[in-house]
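Visitor: starting from these lines, generate the structure:
(one chain, ligands or ions: 1)
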Amino acid sequence: MADNSSCPPTFHRQPGVKFDVTDEMQRDYNESGFAIVRNLFSGDEISRLRSNLESPDSELMKRSYSISDGDGGFVKMILWNHPGNDYSGMMGRCERVVDTCSKLAGGEVFHYHTKMVLKEAFTGGAFQWHQDYGYWYLNGILRPDMISVQVAIDDADRGNGGLQVVRGSHKMGRIDHGRVGQQAGADLERVEQALKVMQKVDVDLKAGDGLFFHCNLLHTSSQNKSPRRRWAYISCYNRADNDSYKDHFHSRYTPLDKVPDSAVLGCDDFVTMDGKWFHRPDESSYDYIPEKK
Ligand SMILES: O=C(O)CCC(=O)C(=O)O
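Guide: The predicted structure follows:
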């Protein structure tokens, strides 16, 4: 049998065939803390999102803001808490994403938030080593039963600030995090030790590929000094039985209105932004206040 233990766990979605998590994928995810799915979104699906973001009228791009990495680099972000009914919402609600997250996370999930991480050529900023649950924990979430999927909008590799992960690091449990610039960074003593005994993996993605990863997986990305832009779409989910015990920045349990995979290309709506509840860092608030029942 081939020894694939040093290759990143990688799976393939066939266009037009319903994507299912196999036992092998589940096992790899449990062991490594991540799994890559090639062609999670087709070339057509990704190019429609990309074209919208590139257009001067893009409603999503109007809601972008920049964060500094504290070292001369900047990352443009767009962040919303509810998926909504526009094209970007269909991507976060479609079966191949939601069912995969539910299966890998072990139960029904709800949308926690989605963000676009837009690293421009030459100036794109870095992300410190961190675990997402390192700071989501502070939002009153009791268990690390959370998962994200990062979808490449542009091809990504280490050269243009693509993601690097530490395989199996989700098994370390939550590491202490401190503030680094405008970001949360994991205790570097632990990170250094982890890197001595665990494999660092460069996650090379082609546009449309998806990386599913556990919220305690250590990950980082460096500045993008290359001439190649690196944009990514990241949807994050929490398990329905793991809702936070207090209100905070992101969504609390809201049933996820799942749509068929065909709803992505079936959607022409790039303008309805109602109810998405965008992050507005300048005001430390959101443009959607949930109704009191
Ligand atoms: O996409 C990246 O470079 C890193 C994004 C990330 O780690 C985050 O948003 O928490």
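Visitor: every contact and neighbour count from this point should use C-alpha atoms.
Guide: Fine.
Visitor: how about the residues of this protein by the ligand?
Guide: By the criterion of CA under 6 Å from any ligand atom, the positions of the chain lying close to the ligand are 117, 127, 132, 162-163, 220-221.
Visitor: which of those sit farthest apart?
Guide: Pairwise distances across the residues of the chain next to the ligand peak at 16.6 Å for Asp132 and Gly162 (criterion: CA to CA).
Visitor: please name the bridge partners of the closest residue to the ligand within the stretch 101-250 of the chain.
Guide: In the stretch 101-250 of the chain, no residue comes nearer to the ligand than Ser221, which is 4.7 Å away by CA to the nearest ligand atom. In this entry, Ser221 is beta-bridged to Phe127, Leu163, by DSSP bridges.
Visitor: what ranges in the stretch 51-200 of the chain fall below the confidence cut-off?
Guide: Across the stretch 51-200 of the chain, residues meeting the criterion (pLDDT under 70) sit at 181-182.
Visitor: can you give me the helices in it?
Guide: With DSSP state H, counting those that start in this stretch applied, the stretch 51-200 of the chain shows helices at 59-62, 87-93, 95-105, 132-136, 188-197, listed in chain order.
Visitor: ok, Gly84 touching Gly275?
Guide: Yes. In this structure, Gly84 is within contact of Gly275 by CA atoms under 8 Å, at 6.2 Å.
Visitor: more crowded one of the two?
Guide: The neighbour comparison of Gly84 against Gly275 (other CA atoms under 10 Å) goes to Gly84, with 19 against 16.
Visitor: distance of that one from Trp277?
Guide: 9 Å (CA to CA, to the nearest Å).
Visitor: before we move on, what about Ala156?
Guide: For Ala156, the distance to Trp277 equals 28 Å [CA to CA].
Visitor: go on, Leu49?
Guide: Relative to Trp277, Leu49 is positioned 19 Å away (criterion: CA to CA).
Visitor: neighbour-wise, which of the two wins?
Guide: More neighbours surround Trp277 than the other of Leu49 and Trp277, with 22 against 17 (other CA under 10 Å).
Visitor: thought that one was touching Asn81?
Guide: Yes. Because the distance of 5.4 Å satisfies CA under 8 Å, Trp277 is recorded as touching Asn81.
Visitor: hey, where'd the strands end up in the stretch 51-200 of the chain?
Guide: 65-68, 74-80, 109-119, 127-130, 146-152, 163-166, 177-180, 183-186, 200-202 (DSSP state E, counting those that start in this stretch).
Visitor: which of the ones you listed sits closest to His214?
Guide: The minimum distance between His214 and these falls on strand 146-152, with 4.8 Å, by CA to CA.
Visitor: and the closest one, what does it pack against?
Guide: helix 95-105, strand 210-214, strand 230-239 (3 or more CA pairs under 8 Å, 6 or more residues apart in numbering; DSSP states H and E).
Visitor: flag every buried residue along stretch 226-246.
Guide: Buried positions in stretch 226-246, judged by neighbour count with 16 or more other CA atoms under 10 Å: 228-240, 242-244.
Visitor: Ser226 and Arg158 touch, don't they?
Guide: No. Taking CA under 8 Å as the contact criterion, Ser226 and Arg158 are not neighbours in contact, 10.0 Å apart.
Visitor: who's in contact with Gly124?
Guide: 73-75, 118, 161, 223-225 (CA atoms under 8 Å, 6 or more residues apart in numbering).
Visitor: and it, how far is that from His214?
Guide: 25 Å.
Visitor: doesn't Leu163 make contact with Leu217?
Guide: No. Between Leu217 and Leu163 there is no contact under CA under 8 Å: 11.7 Å.
Visitor: so what sits opposite the closest residue to Leu211 other than its chain neighbours in the bridge?
Guide: In space, Leu211 comes closest to Ile36 once its chain neighbours are excluded; the distance is 4.4 Å by CA to CA, 6 or more residues apart in numbering. In this structure, Ile36 bridges to Thr10, Leu211 when assessed by DSSP bridges.
Visitor: so who does Ile36 touch?
Guide: When contacts are counted by CA under 8 Å, 6+ apart, Ile36 touches 8-11, 209-212.
Visitor: return the member of those residues nearest to Val191.
Guide: Val191 lies nearest to Pro8 out of the contacts of Ile36, by CA to CA, at 19.6 Å.
Visitor: number of residues surrounding Ser51?
Guide: For Ser51, which is what you asked about, the neighbour count (other CA under 10 Å) is 11.
Visitor: oh, and call the first residue 33 from now on, that's how I've got it
Guide: I'll keep to 33 as the first residue from here, and by that count the last item is Ser83.
Visitor: having no further points to raise, I will conclude here.
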